[in-house]
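1. Got a predicted model here, sequence first, then my questions.
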Amino acid sequence: MSDDGATITLAHGNGGRFMRELVRNVFARHFASAELDISADGASLPPVEDPLVFTTDGFIVDPLEFPGGDIGSLAVHGTINDLAVSGATPRWLSLSFLIEEGFAMERLDRIAASIGRAARNCGVSIVAGDTKVVPLGQGGGLYITASGIGAKSSGAALGMEQIRHGDSLLINGSVGDHGAAILLARAEFGLHGDLRSDSASVLPYTRLALKMKGLRFMRDPTRGGIATVANEISLATGLRVVLHEAILPLQNEVRSVCDMLGYDPLYLACEGRVVAVLDPADASALLAAWRSLPGGHEAEIIGNVEVGRPCVVLRTMLGGERLLDELEDDPLPRIC
């Protein structure tokens with residue numbers, strides 16, 4: 001161990017005293033909940049009558065801290081959002097940390113504090129976890145794997161198989177913010193700006209959407225952005241998905257970054273957005289409900305589903321159409 005305890009060493013992952021102190025003094029201090037018992041190998045959860053939804057995801061963002069969030073809050077929000085768009089209320093999280101030797105203890109504590117705040121703000125408990133340390137040079141600083149459990153109340157069955165010709169697509173805010181913010185945070189291209197990631201829980205939006213009888217499907221457009229979600233819908237349903245460029249919410253700064261670097265914002269990750277597909281008869285009501293939420297003023301009806309050859313089409317502001325193919329190359333590594 002280093003003389004001042006300022007960095008992570010291999011001893012912090014050997015199961016001994018240093019690991020016990022790391023778990024107690026960093027993780028348990030920030031993640032305290034009624035269900036978290038660091039002396040046990042598993043969490044005892046209270047019984048739930050509603051069906052349970054389970055999800056897991058890995059987070060390897062670079063840089064680890066960026067305007068609008070960090071890998072910690074991103075792991076919480078990303079896991080919660082996967083549960084929320086599945087129609088569940090998130091309840092419990094489990095987090096696994098893969099830490100590289102030499103990682104600054106102060107930085108780890110700062111990220112752990114961010115995780116704790118995000119979890120408390122979203123009303124979820126962190127109930128279990130694990131810590132591993134890899135030798136210097138064999139990791140990327142910090143990786144997090146998160147698993148979440150949520151309770152799904154009875155209601156409309158959600159799934160791509162529910163989508164019908166004529167259905168509307170809605171999004172709750174501007175697209176590509178997270179991906180563009182990561183680009184700027186890396187400072188690899190000499191660009192600077194005030195753009196912030198949209199990393200946040202979408203639970204307030206999914207709760208309102210679940211009240212709509214005509215809701216068919218929800219998805220958070222993370223890796224691959226809204227173009228990838230639209231392609232998944234088209235392939236699953238055999239229908240044509242049309243997006244309307246003129247009404248797509250897009251920040252000017254995101255547009256500028258993409259124009260300069262050659263990225264398409266429709267393929268950039270969002271981390272606080274939800275795409276909902278629903279009966280057009282309910283679209284205006286959901287749009288009004290979303291816009292009534294704090295930060296929801298940019299929500300829009302961005303497209304629709306049509307009969308036709310399975311594909312995704314962007315109707316441009318000039319009146320033409322552009323195909324949005326499936327993403328093949330990774331345009332932006334380590335974004336979430």
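-> Sure thing, it's come through. Residues are numbered from 1 along each chain as shown.

2. in the longest helix seen in the chain, what's buried?
-> The longest helix of the chain (DSSP state H) is helix 105-122. Within helix 105-122, the residues scored as buried using 16 or more other Cβ atoms under 10 Å are 105, 107-109, 111-116, 118-120, 122. In this view, the C-beta of every residue, glycine as well, is placed from N, C-alpha and C.

3. Closest to Gln162 out of the residues you listed?
-> Nearest to Gln162, judged by Cβ to Cβ, of these is Cys122 at 26.9 Å.

4. give the contact list for the closest one.
-> Going by Cβ atoms under 8 Å, 6 or more residues apart in numbering, Cys122 touches Val76, His77, Ile80, Pro90, Ser201, Leu203.

5. Am I right that the second one is in contact with Leu203?
-> No: using Cβ atoms under 8 Å as the test, His77 is too far from Leu203 to be in contact (9.6 Å).

6. so Ile99 bridges to which residues?
-> Listed beta-bridge partners, Ile99: Val133, Leu142 (assigned using DSSP bridges).

7. how close does it sit to Arg186?
-> 21 Å (Cβ to Cβ, to the nearest Å).

8. I'd assumed Ser44 was in contact with Ala128.
-> No: the pair Ala128 / Ser44 is not scored as a contact, 10.1 Å apart, by Cβ under 8 Å.

9. Looking at those two, which one has more neighbours?
-> Neighbours per residue (other Cβ atoms under 10 Å) separate Ala128 from Ser44, with Ala128 holding more: 21 against 8.

10. next one: phi and psi at that one?
-> Torsion angles at Ala128 (phi, psi; degrees, to the nearest 10) stand at phi -160, psi 160.

11. roughly how far apart are it and Gly296?
-> 33 Å.

12. what sits up against the helix or strand hosting Ile301?
-> Secondary structure from DSSP states H and E places Ile301 in strand 300-306. Outside strand 300-306, the residues that touch it by Cβ under 8 Å, 6+ apart are 163-171, 226, 230, 233, 237, 239-244, 247-249, 277, 280, 283-284, 287.

13. Show me what stretch 131-142 is in contact with.
-> Outside stretch 131-142, the residues that reach it (Cβ under 8 Å, 6+ apart) are 8-10, 12-13, 19, 22-23, 27, 60, 62, 64, 71, 96-103, 108, 111, 334.

14. ugh, wrong one, I meant stretch 277-291
-> For stretch 277-291, using Cβ under 8 Å, 6+ apart, the contacting residues are 163-164, 166-170, 172, 205, 208-209, 211-218, 233, 276, 296-297, 299-301, 304-305.

15. CA-only coordinates of it in CSV, if you can.
-> Extracted in CSV, the C-alpha atoms of stretch 277-291 (Å, rounded to 0.1, in the frame of the first residue of the first chain):
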residue,chain,number,x,y,z
VAL,A,277,-44.2,4.5,-29.5
LEU,A,278,-47.9,4.8,-29.0
ASP,A,279,-51.3,5.1,-30.7
PRO,A,280,-51.4,8.5,-32.4
ALA,A,281,-54.7,9.2,-30.6
ASP,A,282,-52.6,9.4,-27.3
ALA,A,283,-49.6,11.2,-28.7
SER,A,284,-50.6,14.8,-28.1
ALA,A,285,-51.7,14.0,-24.6
LEU,A,286,-48.4,12.4,-23.7
LEU,A,287,-46.5,15.2,-25.4
ALA,A,288,-48.3,17.8,-23.2
ALA,A,289,-47.7,15.7,-20.1
TRP,A,290,-44.0,15.3,-20.8
ARG,A,291,-43.6,19.0,-21.5
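
16. Check which residues of that stretch are buried.
-> The neighbour-count check on stretch 277-291 (16+ other Cβ under 10 Å) flags Val277, Leu278, Asp279, Asp282, Ala283, Leu286, Leu287, Ala289, Trp290 as buried.

17. Likewise for stretch 72-88?
-> 72-88.

18. do the same with stretch 138-146
-> Gly139, Gly141, Leu142, Tyr143, Ile144, Thr145, Ala146.

19. Could I get the full set of strands for the stretch 101-250 of the chain?
-> With DSSP state E, counting those that start in this stretch, the ranges of strands along the stretch 101-250 of the chain come out as 125-134, 142-151, 168-171, 215-219, 240-244.
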